[in-house]
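Student: pasting a predicted model and its sequence here:
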Amino acid sequence: KLNSLFYYTGLVGGSVPVHDEVILSVEKLNEIYAFDEVNGILSCGSGCILQNLQEKVAAEWDHLVPIDLGSKGSCMIGGTVSTNAGGQYYFRFGSIHANLLGLEVVLPNGTILDLMNLNRKDN
């Protein structure tokens with residue numbers, strides 16, 4: 001079994017290996033791939049620290065990342081997405097899942113699923 005590690009900020013013990021599990025750290029997947037200023041769409045790696053994303057998006061593009069957590073200095077965006085974390089902007093901007101347009105996922109067998117979608121409404 002493969003288990004991802006998002007900086008040990010979780011409280012449920014998900015990063016503790018049990019029996020024969022393998023822990024995969026995403027700490028080096030911390031790159032911002034693209035930012036669309038017109039639509040406000042950010043593409044980044046799951047290892048990006050939330051506070052670093054907030055600071056870079058505000059400084060370079062004068063936009064706001066619609067999630068703010070008390071652990072923003074240490075939590076990674078991948079863990080935030082996987083737990084659907086809320087924070088102080090939740091009631092104003094909605095959950096992180098409501099703001100998420102897509103994922104690119106690598107399965108344990110190496111298959112890459114490109115589930116990215118740049119359309120805000122896709123029905």
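Tutor: It's in. Treat the numbers as computed from the prediction; the structure is a model and nothing was measured.
Student: C-alpha from now on. contacts and neighbour counts both.
Tutor: Will do.
Student: in stretch 31-40, what's buried?
Tutor: Neighbour-count burial for stretch 31-40, counted by 16 or more other Cα atoms under 10 Å, picks out residue 32.
Student: just checking, next helix/strand downstream of the worst-scoring helix or strand of the chain on mean pLDDT?
Tutor: Between all helices and strands in the chain, the lowest mean by mean pLDDT, DSSP states H and E belongs to strand 2-5, at a mean of 69. Using DSSP states H and E, the helix or strand that follows strand 2-5 towards the C-terminus is strand 22-25.
Student: show me what that next one is packed up against.
Tutor: Applying 3 or more Cα pairs under 8 Å, 6 or more residues apart in numbering; DSSP states H and E, one finds that strand 22-25 makes contact with strand 2-5.
Student: can you give the contact residues for the longest helix belonging to the chain?
Tutor: Ranked by residue count under DSSP state H, the longest helix found in the chain is helix 50-61. Outside helix 50-61, the residues within contact range by Cα atoms under 8 Å, 6 or more residues apart in numbering are 37, 63, 64, 65, 68, 72, 73, 74, 75, 76, 77.
Student: again, only this time at 10 Å
Tutor: In this structure, residues lying in contact with helix 50-61 by Cα atoms under 10 Å, 6 or more residues apart in numbering are 30-32, 35-37, 40, 42, 44, 62-78, 80.
Student: the residues you listed in helices, which ones?
Tutor: Those of the contacts of helix 50-61 mapping onto helices are 77, 78, 80, per DSSP H.
Student: among the residues you listed, which one has the most neighbours?
Tutor: Counting neighbours by other Cα atoms under 10 Å, residue 77 leads these with 24 neighbours.
Student: that one and residue 21, how far apart?
Tutor: 23 Å (Cα to Cα, to the nearest Å).
Student: before I go, just wanted to say thanks for your time.
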